[in-house]
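In: Sequence below, structure please.
(one chain, ligands or ions: 2)
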Amino acid sequence: MSSSKPKIDYSLYLVTGRELLPPGKDYYESLEESLQGGVTLVQVREKLTDTGEFIDVARRTKEICDRYKVPVLINDRIDVHLAIGSAGIHIGQSDCPLPLARQLLGPNAIIGVSVSSPADAKRAVAQGADYVGIGPVWPTGSKDVSKKVLLSPEGVGAVLDALAGTGVEAVAIGGIHPPNLQYLLHASIAPNSRNHLAGIAIISDIVGSRIPKEASEGLRKVVDSFKRSRETLDHPQAIFCAKAQSPRDTEGILARVGDLMRIVRNNTPLIHQITNNVVINDSANATLAVGASPIMATNARDVKDLSPAIGALLVNFGTITDKEGMMVAGREANVNRKPVVFDPVAVGATSYRRETSKELLAHWQPTVIKGNAAEIGALAQSAEVATRGVDSVGSGFSDPAKVVRDLARRRAAIIVLTGEHDYISDGETVIKASNGHKLLGVITGSGCMTGTLVTTFCAAARLYHLANHDPFEEESQLVQGDMLMGALAGVLVITIAAEVAAARSDVKGPGTFRAALIDELYNLTPDVLVERAKIEVISPAWKGGAD
Ligand SMILES: Cc1ncc(COP(=O)(O)OP(=O)(O)O)c(N)n1
Ligand SMILES: Cc1nc(C(=O)O)sc1CCOP(=O)(O)O
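Out: Numbers count the residues shown, from 1 in each chain. Ligands and ions are numbered 1, 2, ... in the order given. Just a heads-up that it's a prediction; the model follows:
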């Protein structure tokens, strides 16, 4: 028995699986390369091996890991742990009960437990687990999880809330690969406590690799930068990193919005839009009018190739004809760390829409979610506002600032709530914007155009960041740049252009307004925007503002 409990680094937890080695690759060679790539903890998992062989494999595994000062745990088998003197064991819900395992292993052994719900996690804490493995997050070919509920990052976040303040750390497991890793880490940040993963547990991505050193290095780099970014937040409840360059006073905000308008016109970012059939033409014209370049590709193969070149992606599911393209485009945007704006048109209206929204959000992390009161209410699971077709009915939320701020925290995304007043939040600050004109409500697609412009200016916010970047921040967030500013800029540009258009003497009603709106998006200058913008900044409670 060890004389004190070892301190474990859970960042990159390799679970072994000799059956998944590439043909001809030696297990011990693969293990050593993984350790060189930065694996911080190893679990020996042998499901089909007899006891003698399991002990041999575990002993040799430990000898190699000892050279790298990396602890070894044993999957399920207390006898194998005792035979080789490993740091501890990992047990599942149907293995040796945790209280008994603790009694047999003593207080200093590390005992990890598999959990798949907040209730499992609370029980594991009460019974003295050192850490939990939360899974399965996604489908995996390494184990039969067909009878289990796939948690997706949101489910992982719910478990992390149950662990908050307990000192019990957590890793996620199941179907984790480089394209979904950033998404998992960011989207699983617990909505209430902001508790986050201590690491990831991986089989196939490392064991199945011909170059496990590179596979491990790639995963470790992402986990390290994520953990570093969480440690340097200016407040534990903040979602996004401290941004020294981010203004939060009215004057500074409007100056930044003006900068973003100039960036769009000078850089012509490519704005990829998968949007609905009703608005494709108007959205493309609005993009061009503000100085960006639209691309309305929808085919899954096409969108994958496009992703490295785009400035930002809009996924508007008004007519949901291209679900596969939406899945691939969002995922690729996450991999390429491009802003993704999600416009869940009429999400509360049908079960198909609710399911599609859930499915998309289980595949990628949106940077911004934009919706009217009914759409945001459906995502926030609030019954305050109902849906009729694509419109909201009712007087709206009693406390819209709280709704957007809470949802932003829950989804780790900027939330834009459109209406007579628009509310935009990053989970910390809420900005209320009060421009606009009632004619926007009598042309089709004005909400969708708002999504287009939010996407365009989020692309600009990323470009602004890259041009003025701080080398540390570069690695620390899924999407770099102040997306609150990008989202606000999109809202202000369309609502102020609408005011200017509506005031023109040649505008007689919706038809002439629609054309004038495109003209005024084209003509709008930063000076006019600053002069007309009506915004109010609502500070978060921990900075002395309203809660
Ligand atoms: C880190 C980690 N998390 C979960 C598991 C799964 O363990 P278990 O539920 O015991 O299932 P098997 O691994 O025995 O199939 C794990 N091994 N490691
Ligand atoms: C061993 C294991 N346990 C899981 C759980 O959810 O409990 S998922 C899983 C397999 C993880 O392998 P890969 O990284 O190849 O997806």
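In: Pull the contacting residues for Val368.
Out: Contact analysis of Val368 by CB atoms under 8 Å, 6 or more residues apart in numbering lists 339-342, 413-416, 454-455, 458, 483, 486-487. C-beta: built from backbone N, CA, C; applies to glycine.
In: Distance of it relative to Thr418?
Out: Distance of Val368 to Thr418, computed by CB to CB, to the nearest Å: 12 Å.
In: Just want the residue of the stretch 401-547 of the chain that's nearest ligand 2.
Out: Leu478 (20.7 Å; CB to the nearest ligand atom).
In: An error on my part: the question was meant for the chain.
Out: For the chain, CB to the nearest ligand atom, closest residue to ligand 2: Gly135, 2.7 Å.
In: What's the end-to-end length of stretch 307-316?
Out: Using CA to CA, to the nearest Å, one end of stretch 307-316 lies 17 Å from the other.
In: What parts of the protein come near ligand 2?
Out: 15, 114, 135-136, 140, 142-143, 145, 173-176, 202-205 (CB under 6 Å from any ligand atom).
In: where's Ser204 relative to Val57, distance?
Out: 18 Å.
In: Sorry, wrong one. I was asking about Ala300.
Out: For Ala300, the distance to Val57 - CB to CB - is 42 Å.
In: Same check on Ala498?
Out: Ala498 is 68 Å from Val57, by CB to CB.
In: what does Met326 give?
Out: Going from Met326 to Val57 by CB to CB gives 44 Å.
In: So those two - more neighbours on which side?
Out: Set Met326 next to Val57 and count neighbours by other CB atoms under 10 Å: Met326 wins out with 25 against 20.
In: quick one: contacts for that one?
Out: Ile274, Val315, Phe317, Leu360 are the contacts of Met326 under CB under 8 Å, 6+ apart.
In: Nearest to Leu21 among these?
Out: Leu360 (34.6 Å; CB to CB).
In: Need the nearest residue in space to the closest one, chain neighbours excluded.
Out: The shortest distance from Leu360 to any non-neighbouring residue, by CB to CB, 6 or more residues apart in numbering, is to Met326 (5.8 Å).
In: Now whichever strand or helix holds the one you found: buried residues?
Out: Assigned by DSSP states H and E, Met326 belongs to helix 323-335. Buried residues in helix 323-335, counted by 16 or more other CB atoms under 10 Å: Lys323, Gly325, Met326, Met327, Val328, Ala329, Gly330, Arg331, Glu332, Ala333, Asn334, Val335.
In: what about Leu254, helix or strand, and which?
Out: helix 250-267.
In: CA atoms of that helix as PDB?
Out: Taking Å, rounded to 0.1, in the frame of the first residue of the first chain, the C-alpha atoms of helix 250-267 are listed here in PDB:
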ATOM      1  CA  THR A 250     -20.500  52.300 -24.600                       C
ATOM      2  CA  GLU A 251     -18.000  54.500 -26.300                       C
ATOM      3  CA  GLY A 252     -15.400  51.800 -26.600                       C
ATOM      4  CA  ILE A 253     -18.000  49.300 -27.800                       C
ATOM      5  CA  LEU A 254     -19.200  51.600 -30.600                       C
ATOM      6  CA  ALA A 255     -15.600  52.400 -31.600                       C
ATOM      7  CA  ARG A 256     -15.000  48.700 -31.900                       C
ATOM      8  CA  VAL A 257     -18.200  48.200 -34.000                       C
ATOM      9  CA  GLY A 258     -16.900  50.900 -36.300                       C
ATOM     10  CA  ASP A 259     -13.600  49.100 -36.600                       C
ATOM     11  CA  LEU A 260     -15.400  45.900 -37.500                       C
ATOM     12  CA  MET A 261     -17.300  47.600 -40.300                       C
ATOM     13  CA  ARG A 262     -14.000  48.800 -41.800                       C
ATOM     14  CA  ILE A 263     -12.500  45.400 -41.500                       C
ATOM     15  CA  VAL A 264     -15.400  43.800 -43.400                       C
ATOM     16  CA  ARG A 265     -15.000  46.400 -46.200                       C
ATOM     17  CA  ASN A 266     -11.200  46.100 -46.400                       C
ATOM     18  CA  ASN A 267     -11.000  42.300 -46.100                       C
END
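In: In terms of secondary structure, what does that helix contact?
Out: With contacts taken as 3 or more CB pairs under 8 Å, 6 or more residues apart in numbering; DSSP states H and E, helix 250-267 sits against helix 446-467, helix 483-502, helix 526-532, strand 535-538.
In: residue contacts, the nearest residue to Val416 once chain neighbours are set aside?
Out: Take Val416 and drop its neighbours on the chain: the residue closest to it by CB to CB, 6+ apart is Lys370, 4.1 Å away. Counting by CB under 8 Å, 6+ apart, Lys370 makes contact with Val341, Phe342, Asp343, Ile415, Val416, Thr418, Thr450, Gly451, Val454, Ala487.
In: Just among those, which is most surrounded?
Out: Going by other CB under 10 Å, Val341 tops these with 34 neighbours.
In: does Ile173 really touch Gly133, like I thought?
Out: Yes. Checked against CB atoms under 8 Å, the pair Ile173 and Gly133 is within contact range at 5.0 Å.
In: what helix or strand is whatever residue of the stretch 101-250 of the chain ends up closest to ligand 1 on?
Out: Ranked by CB to the nearest ligand atom, the top residue of the stretch 101-250 of the chain for proximity to ligand 1 is Gly133, at 2.1 Å. Taking DSSP H and E as the definition, Gly133 sits inside strand 131-134.
In: Torsion angles phi and psi at Gln273?
Out: Main-chain dihedrals, Gln273, degrees, to the nearest 10: phi -130, psi 120.
In: Can you tell me, leaving aside adjacent residues, what's nearest to it?
Out: Nearest one to Gln273, counting by CB to CB, 6+ apart, is Leu314 at 4.4 Å.
In: for the helix or strand containing that neighbour, packing partners?
Out: Taking DSSP H and E as the criterion, Leu314 maps to strand 312-316. Counting contacts by 3+ CB pairs under 8 Å, 6+ apart, strand 312-316 packs against strand 270-274, helix 323-335, strand 340-343, helix 446-467.
In: need the least confident one among the ones you listed, by mean pLDDT.
Out: Least confident of these, judged by mean pLDDT, is helix 323-335 with a mean of 91.
In: Would you mind confirming that Arg45 is in contact with Thr16?
Out: Yes. Counting by CB under 8 Å, Arg45 touches Thr16, with 5.4 Å between them.
In: Which residues are in contact with each of these two?
Out: Ile203.
In: what ranges do the helices span in the stretch 151-300 of the chain?
Out: 152-163, 178-187, 204-207, 212-231, 250-267, 280-289, 300-306 (DSSP state H, counting those that start in this stretch).
In: Switch those over to JSON lines; also include mean neighbour count.
Out: Output for the helices of the stretch 151-300 of the chain, formatted as JSON lines (neighbours: other CB atoms under 10 Å):
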{"stretch": "helix 152-163", "mean neighbour count": "23"}
{"stretch": "helix 178-187", "mean neighbour count": "21"}
{"stretch": "helix 204-207", "mean neighbour count": "23"}
{"stretch": "helix 212-231", "mean neighbour count": "19"}
{"stretch": "helix 250-267", "mean neighbour count": "18"}
{"stretch": "helix 280-289", "mean neighbour count": "20"}
{"stretch": "helix 300-306", "mean neighbour count": "16"}
